[in-house]
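Enquirer: Next one to model:
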Amino acid sequence: MELLRKAVGDSWLKPAGYDAANMTRAVSEEEWKSMDAAFNDLTGGYMLIETSKEDMTKIEKLLNVKPGFLGTSVMIKTRERCCQKCGRENNFLDVVSTGLRIHKAEFLTDVLSGKYGPILNTHQTQLCFCFDCGEELPEQAAKYSSPKVNESGKHSSEYRWVWRF
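Expert: This next block holds a predicted model:
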């Protein structure tokens with residue numbers, strides 16, 4: 001519970017639809033499209049970083065799912081490319097490994113598979129930690145993540161989630 005308090009803080013106000021057990025919120029199709037469209041807005045110093053194939057394999061092992069489960073690479077939208085302590089490139093592996101500090105792998109697998117429909121992590125300033133060294137990433141790191149979009153502008157998988165850290 002102490003890690004959860006550290007991750008989300010003590011004074012956070014819960015939005016409508018808040019899932020107290022999992023800190024997520026199902027969203028309407030309209031809100032989903034709005035967040036999905038905003039993901040590609042790189043103003044304010046944001047950049048998109050694609051999670052490497054090697055790190056996607058590590059994610060699948062952490063979640064205990066079969067290879068290829070995610071079906072596509074995952075992009076993160078961040079202002080911080082690398083961990084300031086060890087230099088590892090910030091990507092979705094950091095988000096998943098941080099999520100596993102609080103959630104069970106089965107829950108994350110259900111979210112990523114679309115079991116609950118369009119999902120947003122409802123916390124605005126959640127901490128994220130480097131997968132390699134465990135260092136807390138700075139506030140500007142790993143703010144959003146979403147499945148990679150293909151050439152036609154559509155997500156190359158059926159997964160419908162945006163994870164916000």
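Enquirer: Surely Gln84 touches Glu135?
Expert: Yes: counting by Cβ atoms under 8 Å, Gln84 does reach Glu135; the two are 7.2 Å apart. Using the backbone N, CA and C atoms, a C-beta is placed for each residue, glycine as well.
Enquirer: Per-residue pLDDT of Cys133, please?
Expert: Per-residue pLDDT puts Cys133 at 96.
Enquirer: and if you look at Leu42?
Expert: In this prediction, Leu42 has a pLDDT value of 85.
Enquirer: again, but for Lys53
Expert: So, for Lys53, pLDDT stands at 93.
Enquirer: tell me the contacts of it?
Expert: Counting by Cβ atoms under 8 Å, 6 or more residues apart in numbering, Lys53 touches Ser73.
Enquirer: Okay, it and Glu60: tell me how far apart.
Expert: Here the criterion is Cβ to Cβ, to the nearest Å. By it, Lys53 lies 11 Å from Glu60.
Enquirer: just Met35 next, same as before
Expert: Counting by Cβ to Cβ, the gap from Met35 to Glu60 is 25 Å.
Enquirer: just Asp41 next, same as before
Expert: Applying Cβ to Cβ, the value for Asp41 to Glu60 is 29 Å.
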